[in-house]
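Enquirer: Got a sequence here, can you build the structure:
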Amino acid sequence: MSFLDKLKSRRSIYALGRNIATDNSTIESIIKEAVRNSPSSFNSQSSRAVILFNGEHVAFWEIVENTLRAIVPADAFAAIEAKINSFKAGHGTVLFFEDQNVVKGLQEKFAAYADNFPVWSEQASGIAQHAVWLALADHDIGASLQHYNPIIDEQTLARWNLPANWKLRAQMPFGSIEAPAGEKAFMEDEDRFRVFA
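Expert: Residues are numbered from 1 along each chain as shown. Down below sits the predicted model:
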């Protein structure tokens, strides 16, 4: 399968399950290799990943659920609860962070680029997230990318005793693909691209 075919196979999968043939240690290795080999500006390697399985995975989504339950009106919570339950039904979750100490260190060392390092950090995180997503899809593991930060940041750092300088950027629940993704619509090329030769 070509890279573009693999790219097309990566879709947001919301119907997740725990029917995965790949063992946890292999999944861990896949995620680590994807993050490790993702490029970053100045080879800063600012991306951090926390991999949650089993009860730890469920505990994370319970933090999300309880946090939202406290701020969302009761009559609007049913749809949110169903969505969170679909993530909780998965096999695991990857939490993506960016190490702010790395960003600050680069800002101090290369002052001329100081304003750019937070932007480049976000780009590095996006690349790492995409790499993990593709790597999981390559093993027939479905995933989606979620963003419940920053309202869950403090509880997440406390629950897993993570450094305060790790800034949560995204959450990726993953698992077996229990239902395929829907059709994906694309905007017209002329609205998106410009080519000059």
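
Enquirer: So Leu52: helix, strand or coil?
Expert: strand (DSSP: H, G, I helix; E, B strand; the rest coil).

Enquirer: gap between the residue nearest to it when sequence neighbours are not counted and Ile84?
Expert: The shortest distance from Leu52 to any non-neighbouring residue, by C-beta to C-beta, 6 or more residues apart in numbering, is to Thr93 (4.7 Å). Where C-beta positions appear, they are placed from N, C-alpha and C, glycine not excepted. Distance from Thr93 to Ile84, counting by C-beta to C-beta, to the nearest Å: 11 Å.

Enquirer: shared neighbours, those two?
Expert: Shared contacts of Thr93 and Ile84, defined by C-beta atoms under 8 Å, 6 or more residues apart in numbering, are found at Trp61.

Enquirer: Looking at these two, which one has more neighbours?
Expert: Thr93 (25 against 21; other C-beta atoms under 10 Å).

Enquirer: List the contacts of that one.
Expert: By C-beta under 8 Å, 6+ apart, Thr93 lies in contact with 51-52, 57, 60-61, 87, 171-174.

Enquirer: Which one of the residues you listed is nearest to Leu145?
Expert: Leu145 lies nearest to Met172 out of those, by C-beta to C-beta, at 5.5 Å.

Enquirer: Pop out the phi and psi values for the closest residue to the closest one other than its chain neighbours.
Expert: Closest residue to Met172 apart from its sequence neighbours, by C-beta to C-beta, 6+ apart: Val94 at 4.3 Å. Phi and psi for Val94, reported as degrees, to the nearest 10, are phi -110, psi 130.

Enquirer: In helices, which of the contacts of Thr93 fall?
Expert: Counting by DSSP state H, the contacts of Thr93 place 57, 60-61, 87 in helices.

Enquirer: now those in a markdown table, with neighbour count and distance to Ala15?
Expert: Output for those, formatted as a markdown table (neighbours: other C-beta atoms under 10 Å; distance: C-beta to C-beta, whole Å):
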| residue | neighbour count | distance to Ala15 |
| --- | --- | --- |
| His57 | 22 | 16 |
| Phe60 | 25 | 19 |
| Trp61 | 22 | 15 |
| Phe87 | 24 | 11 |
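
Enquirer: Skip ahead from the longest helix along the chain and say which helix or strand is next.
Expert: Determined from DSSP H, the single longest helix within the chain is helix 117-137. The helix or strand immediately downstream of helix 117-137 is strand 142-143, counting by DSSP states H and E.

Enquirer: Looking at the helix or strand following that following strand now, give me its mean pLDDT.
Expert: Downstream of strand 142-143, the next assigned helix or strand under DSSP H and E is helix 153-159. Throughout helix 153-159, pLDDT has a mean value of 98.
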